[in-house]
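# Please find the sequence and the predicted model below.
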Amino acid sequence: MLKWAGRAAQAAIMILGLNLMAAAPARAADPDSTNGWNYGYDSLLRDLGEWRKSPHVRIDSVGATVKGRALWMVSITAVGDSVGRSGDLTPRKHRVFMHARTHPAEVQAQRVANEAIRFLLADNPQAEALRRDFIFNIIPMYNPDGVELGKPRQNAHDSDLERNWNYATMEPEPIALKKTFQSFMAGPIPIEVALNLHSDQFNCTRFFVFHFPAGTSQAYSDLEKSFIAGVQARFPGGIKDYTFNQTWPVQPGLQYPEGFWWSNYHENVMALTYEDTNCPNAGRFDSTATALVLGSVDYIKARMTAPVLARAKTETRVLLVPEGVRIAAGPEGGRWELVDSRGRRMAEGATGAQGALLAWNGLPNAPMRILSVAWPGGVRSRVVLPASAR
């Protein structure tokens with residue numbers, strides 16, 4: 001993932017690779033209060049140097065900014081598991097992705113991301129279990145140029161990265177993030193929850209940005225409600241109900257990261273913007289972080305254990321039914337492929353213009369089976385099939 005980095009980013013990457021991160025504090029000689037809303041890029045480099053001491057952490061650059069600063073991603077999972085080469089990962093893993101500080105002035109969002117990292121690196125049975133069963137990928141500072149240049153909402157090109165996702169010419173930061181998303185979604189362990197962390201400068205409260213069914217689907221809206229309620233349960237009284245902030249009353253907002261997620265992966269990924277407090281009384285970032293992590297885990301586990309027919313309601317193109325896997329019809333047909341956890345092809349075929357029904361007893365079995373279906377025009381669906389379905 002380093003091929004998108006500029007020269008400055010590559011130099012920083014080399015520092016990490018050579019275990020010379022201890023040199024970072026020299027850059028942090030200036031007090032944090034002089035720049036970056038009390039948490040600048042030097043602050044991040046210092047924290048990266050601490051986090052990377054854990055055997056459960058891998059730090060990579062997913063790309064570079066306009067000014068060549070590296071976009072650092074912190075990946076956390078159990079020691080002994082690779083977080084860079086997906087073929088080495090065990091089938092039981094599930095992936096949660098967070099990115100923060102799109103808007104530099106919303107430093108509280110980064111505080112939440114940092115607390116999530118600290119929570120996941122704790123030396124206790126709860127964190128150990130989370131690292132065993134999950135991979136957490138966190139980009140704590142998505143717009144470091146804006147942070148260092150003192151721009152409240154823009155990057156070095158004065159572009160709002162939050163609204164850049166459907167531009168014909170995208171900024172380098174969303175290009176890098178999009179490629180990271182696509183890379184994970186094409187691998188054997190896709191992202192199942194994608195959280196876009198911000199902090200609200202108007203209401204000074206905590207809430208999710210909920211999407212109306214008209215802009216997504218009724219099934220997805222129901223899943224959103226379930227997810228938000230699960231996070232609320234982990235932080236009683238701390239987060240507003242889903243009705244507090246609602247959007248997409250007619251159609252999806254393709255300019256946002258969540259628009260990218262919905263248009264490409266539909267109900268397969270729970271993608272939401274979360275807004276934390278942003279005011280003099282802001283705080284309890286550890287409570288927020290814990291709720292987001294555990295709420296995401298609860299949601300994924302509930303989806304894993306839900307009956308086959310219940311899961312079928314959340315996918316409009318590929319349905320899991322008692323007889324097998326029903327693939328919807330397309331005007332020109334399509335192709336399907338079944339792979340195992342290491343990406344090895346187990347079976348494949350054509351759907352035809354009438355769609356297809358893949359009987360359970362006709363599909364090869366494995367601890368994890370991933371069905372991908374591609375239709376003409378670039379429309380794709382991807383579903384993890386239960387090993388015990390037949």
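Arrived safely, thanks for sending. Residues are numbered from 1 along each chain as shown.

# what residues are up against Thr351?
For Thr351, the contact set (Cβ atoms under 8 Å, 6 or more residues apart in numbering) comprises 327, 329-330, 333-336, 373, 375. Yep, even glycine has a C-beta here, placed from its N, CA and C like the rest.

# Just give me the closest of those to Tyr242.
Val373 (30.6 Å; Cβ to Cβ).

# element containing that closest one, please.
Under the criterion of DSSP states H and E, Val373 resides in strand 369-374.

# Just the CA atoms of that strand, as PDB, please.
What follows is strand 369-374, C-alpha atoms only, in PDB (Å, rounded to 0.1, in the frame of the first residue of the first chain):
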ATOM      1  CA  ARG A 369     -17.000 -19.600   2.000                       C
ATOM      2  CA  ILE A 370     -17.200 -16.300   0.200                       C
ATOM      3  CA  LEU A 371     -19.500 -15.900  -2.800                       C
ATOM      4  CA  SER A 372     -18.900 -13.100  -5.200                       C
ATOM      5  CA  VAL A 373     -21.300 -12.200  -8.000                       C
ATOM      6  CA  ALA A 374     -20.500  -9.800 -10.800                       C
END
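
# neighbouring strands for the helix or strand following it, and are they parallel or not?
Per DSSP H and E, strand 369-374 leads on to strand 380-385 as the next helix or strand towards the C-terminus. Strand 380-385 pairs in its sheet with strand 369-374 (antiparallel), by DSSP bridges.

# The strand it pairs with: how far from the chain's middle?
Offset of strand 369-374 from its chain centre (Cα atoms, centre = their mean, to the nearest Å): 20 Å.

# quick one: what helix or strand has Trp72 in it?
strand 70-76.

# just checking, what packs against that strand?
helix 7-17, helix 41-51, strand 57-64, helix 107-120, strand 134-139, helix 172-186 (3 or more Cβ pairs under 8 Å, 6 or more residues apart in numbering; DSSP states H and E).

# can you redo these as TSV with mean neighbour count?
What follows is the helices and strands packed on strand 70-76, written out as TSV (neighbours: other Cβ atoms under 10 Å):
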stretch	mean neighbour count
helix 7-17	16
helix 41-51	20
strand 57-64	21
helix 107-120	24
strand 134-139	24
helix 172-186	19
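
# what angle separates the following helix or strand past the strand holding Trp72 from strand 134-139?
Toward the C-terminus, strand 70-76 is succeeded by strand 94-100 as the next helix or strand (DSSP H and E). With axes from the mean of the first three to the mean of the last three Cα atoms, to 10 degrees defining the directions, strand 94-100 sits at 20 degrees from strand 134-139.

# Need the worst-confidence member of the contacts of Thr351.
pLDDT across these is lowest for Gly330, at 67.
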